[in-house]
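In: task: produce atomic coordinates for the following.
(chains A and B)
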Protein chains: 2
Amino acid sequence: MPNDTATTRIPAARISDLIKRCLMAVDLPEADAQITAGLMADADLNGADGHGVFRLPGYIKRIRDGAVNPRPSIRIDREKAAMALIDGDNGMGHLVMKYAADVAVEKARECGVGWAGAHHSNHAGPAYLYAKMPMAADMIGLYVAVGSANHLPPWGGTEMLLSTNPIAVAVPALDCPPIILDMATTVAAYGKVKTARQRGQQMPVGWMIDKLGQPLTDPNRSDEGFLLPIGGPKGYGLSLIFGLLAGTLNGAAFGKDVVDFNADSTSVTNTGHFVVALDIKAFTDVEGFKANVDAVVRTMKASPTLPGFDEVRLPGEQSFAKRQDYTDNGIPLHDTLLDVLAKTAADLGVDPLV
Amino acid sequence: MPNDTATTRIPAARISDLIKRCLMAVDLPEADAQITAGLMADADLNGADGHGVFRLPGYIKRIRDGAVNPRPSIRIDREKAAMALIDGDNGMGHLVMKYAADVAVEKARECGVGWAGAHHSNHAGPAYLYAKMPMAADMIGLYVAVGSANHLPPWGGTEMLLSTNPIAVAVPALDCPPIILDMATTVAAYGKVKTARQRGQQMPVGWMIDKLGQPLTDPNRSDEGFLLPIGGPKGYGLSLIFGLLAGTLNGAAFGKDVVDFNADSTSVTNTGHFVVALDIKAFTDVEGFKANVDAVVRTMKASPTLPGFDEVRLPGEQSFAKRQDYTDNGIPLHDTLLDVLAKTAADLGVDPLV
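Out: Next comes the predicted model:
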């Protein structure tokens, strides 16, 4: 998809610079704009193109319309030795969850595990970003969020009370790429629906159904249906539990209180998420653990395949390959997106991307 | 299923007593036999009939054949303020994970969260048992295990390197039943396959495929195929990550090192699991949280249904109803199972169930 003729390759640094300029134009402090821009461009670099610069116009609109605080005082609300509850002060989710990941790592350094939840946060991009952060301290990272719009009914229901509530877990390896799982609890994340719509592509059967339970494949009709959970009632159960842990426990929105941030640019979302850092050396020798992860990776890769599959892949493997390609050759941005970004830059009076 | 004509209702206490007698006959101390028997009978009470007294003959055989230590010295190997790594000394998994849950709760009382992993443990029955334990201390519980036999290849592969690696999470409510998710990362848990085989029932399409990728519905042919993960690559990813966290991180078996405890009665399995306890009062007011969970439950229950569904259910709701029925009317045990249990008791020279 990203390599079709309607895309242009742009270096990540230039995308990040554009985002930074735009965020500063809507009053984010330079350091905060830099962090947010770096994380958004990282999403594109990782192939999470429904969560990268694609989101910029939506973020800008919400900041301009007063729904997001461009200058938050992010702080710890409550804490114990191994946990913290963070008040995001309605800042950009990227800033809140970067802060939360740092807190979780500090707690884990002391206690072996650190759990940092947040309320009054906002959409923070792809889940893997925050699961990866503890890896720099030789820790395993785990991240769960309440999705920023409800697209999923409870199993057997028709009222969209749940979101795709994603989970990401990052486990470092020694010589192999880290294993990084980043998944929605639905068959497809809603960002993929939005990307398909913007590109004029149909969705495969199995992503969404309509209110009668029939397959829905036209992304322009996505408002008329809902996403399907993985494993039917199991994916529903995971989404519900993740919502209780990332939302309700943190005093953040969950269920009917979730604001659809795509449709509403003025309401505070009170988004909830959490990051867990798990210090490997509390459990075992770090190098030995990483070597054991390598051994798992190599065993999986060396195993025989079913008819129709060319190889076994590890979670994060395709993103890792994209990251290498996009780092070397630039990130493919669709022409439709480039037009939107040109308009965004012009509206804000900042230098354009191209 | 459990109410067909080939079942007899037996009170949980009598099932527990039989299990206790049998375990003491193979050298478990009385207190340990009592704990294990109580947890196994609880599984039956909860409707987890693939993990209750059904497992007794297999457990007995493994203890008698020297694969499981009937008198373990379960102890903490390594610990920090919020984590512990427990050496199960190859004892019954129920004992090891009861110990782990107690440790996790104590850590969480101090630190807000407690994470207790274990190695050299054994099969511990259904996951919900250990997720529920922290609820008694007004905590949320989470449990993950490496399954005790590999029935799942990596996505796209044919070598069974993974197990159903289940997760359970228990969240207390105020007036409503607690929300208790207990799920395998496969469409069906392998216990369900064993139950279908013992009952002479066919499996639905979607539980298993054969080595050519074709549906496999005869449970007598289960050795010729493998279970399917939920959400395809996503369920595979979850199983892999849970295996790394519950197995590799704890120094327990994962991947090709997993011993099939159904087929092998003499090898030490080095089973890995972990329990996390999350202290609600570290985050928020406990009663207020529980009331919010009630509100979530009621919103879900009151929401409209799809054609073909009579109501929306919460995770654990069907088990809760079974528990009430079975507590009042006894647990339905299939006649085939009753025959097996009669033989087990006779072999051990203990009083039979009926």
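In: for the stretch 1-150 of chain A, give me the ranges with low pLDDT.
Out: Within the stretch 1-150 of chain A, the segments meeting pLDDT under 70 span A:1-5.
In: quick one: name the residues of it near chain B.
Out: Proximity of the stretch 1-150 of chain A to chain B, by Cβ under 8 Å from any Cβ of the partner chain, involves residues A:78-83, A:85, A:107, A:110-115, A:117, A:140. Backbone N, C-alpha and C define where each C-beta goes, glycine included.
In: so of those, which ones are in helices?
Out: A:Lys107, A:Glu110, A:Cys111 (DSSP state H).
In: what about the last one, how many residues close to it?
Out: Other residues near A:Cys111 number 27, with proximity taken as other Cβ atoms under 10 Å in any protein chain shown.
In: drop anything exposed from the residues of the stretch 1-150 of chain A next to chain B.
Out: Buried by 16 or more other Cβ atoms under 10 Å in any protein chain shown: A:78, A:80-83, A:85, A:107, A:111-115, A:117, A:140, out of these.
In: which SS class is the residue lying farthest from the centre of chain A?
Out: Within chain A, A:Pro307 marks the point farthest from the mean C-alpha position, 32.7 Å out by Cα atoms, centre = their mean. Three-state assignment for A:Pro307 (DSSP: H, G, I helix; E, B strand; the rest coil): coil.
In: tell me who's in contact with A:Val258.
Out: If you count contacts by Cβ atoms under 8 Å, 6 or more residues apart in numbering or on different chains, A:Val258 has them with A:Val146, A:Gly147, A:Ser148, A:Ala149, A:Asn150, A:Ser163, A:Gly247, A:Thr269.
In: hmm, which two among the residues you listed are most spread apart?
Out: Using Cβ to Cβ, these reach their maximum pairwise distance at A:Ala149 and A:Gly247, which is 13.3 Å.
In: so which of those two has more stuff around it?
Out: The residue with more neighbours, out of A:Ala149 and A:Gly247 and counting by other Cβ under 10 Å, is A:Gly247; that gives 30 against 18.
In: read off the pLDDT value for the more buried one.
Out: pLDDT recorded at A:Gly247 is 98.
In: correct me, but it touches A:Ala253?
Out: Yes: if you go by Cβ atoms under 8 Å, A:Gly247 and A:Ala253 touch, sitting 5.9 Å apart.
In: distance-wise, check A:Gly316 relative to chain B.
Out: 9 Å (Cβ to the nearest Cβ, to the nearest Å).
In: what residues does that residue make contact with?
Out: Applying Cβ under 8 Å, 6+ apart to A:Gly316 gives the contacts A:Tyr128, A:Ala170, A:Pro177, A:Pro178, A:Ile179, A:Ile180, A:Leu181, A:Asp182.
In: need the max-distance pair from the residues you listed.
Out: Spatially, the most separated pair among those is A:Pro177 and A:Asp182, at 13.5 Å (Cβ to Cβ).
In: higher neighbour count, those two?
Out: Legend: neighbour count by other Cβ under 10 Å for A:Pro177 and A:Asp182, higher for A:Asp182 (24 against 17).
In: what pairs with whichever strand or helix holds that one, parallel or antiparallel?
Out: Assessed by DSSP states H and E, A:Asp182 sits inside strand A:179-183. Next to strand A:179-183 in the sheet, as set by DSSP bridges, lie strand A:167-171 (antiparallel).
In: would you mark the buried spots in the strand it pairs with?
Out: A:Ile167, A:Ala168, A:Val169, A:Ala170, A:Val171.
In: just stretch A:292-312 next, same as before
Out: Judged by neighbour count (16+ other Cβ under 10 Å), stretch A:292-312 contains these buried residues: A:Asn292, A:Val293, A:Ala295, A:Val296, A:Val297, A:Thr299, A:Met300, A:Ser303, A:Thr305, A:Leu306, A:Val312.
In: which of those residues come close to chain B?
Out: A:Asn292, A:Val293, A:Ala295, A:Val296, A:Thr299, A:Met300, A:Ser303, A:Thr305, A:Leu306, A:Val312.
In: hang on, the earlier thing: any idea of the mean pLDDT for the strand holding A:Asp182?
Out: For strand A:179-183, the per-residue pLDDT averages 97.
In: could you do stretch A:228-239 as well?
Out: Mean predicted lDDT for stretch A:228-239 stands at 95.
In: how far off centre is it?
Out: Centroid separation for stretch A:228-239 versus its chain: 19 Å, with Cα atoms, centre = their mean, to the nearest Å.
In: now swap in stretch A:198-217 and tell me
Out: Relative to the centre of its chain, stretch A:198-217 is centred 22 Å away, using Cα atoms, centre = their mean.
In: from chain B, how far off is A:Asp264?
Out: 20 Å.
In: nearest residue to that residue in space, please, no chain neighbours.
Out: Sequence neighbours aside, A:Ala67 is the residue nearest to A:Asp264 in space, at 7.3 Å (criterion: Cβ to Cβ, 6 or more residues apart in numbering or on different chains).
In: any idea which element that neighbour lies in?
Out: Per DSSP H and E: A:Ala67 is located in neither a helix nor a strand.
In: how many neighbouring residues does it have?
Out: Using other Cβ under 10 Å, A:Ala67 has 19 neighbouring residues.
In: roughly how far does it sit from chain B?
Out: Distance from A:Ala67 to chain B, by Cβ to the nearest Cβ: 24 Å.
In: repeat that for A:Val350.
Out: A:Val350 sits 39 Å away from chain B, going by Cβ to the nearest Cβ.
In: ranges for the strands of the stretch 151-300 of chain A?
Out: In the stretch 151-300 of chain A, the segments counted as strands under DSSP state E, counting those that start in this stretch are A:167-171, A:179-183, A:208-210, A:215-216, A:225-227, A:271-279.
In: all set, thanks.
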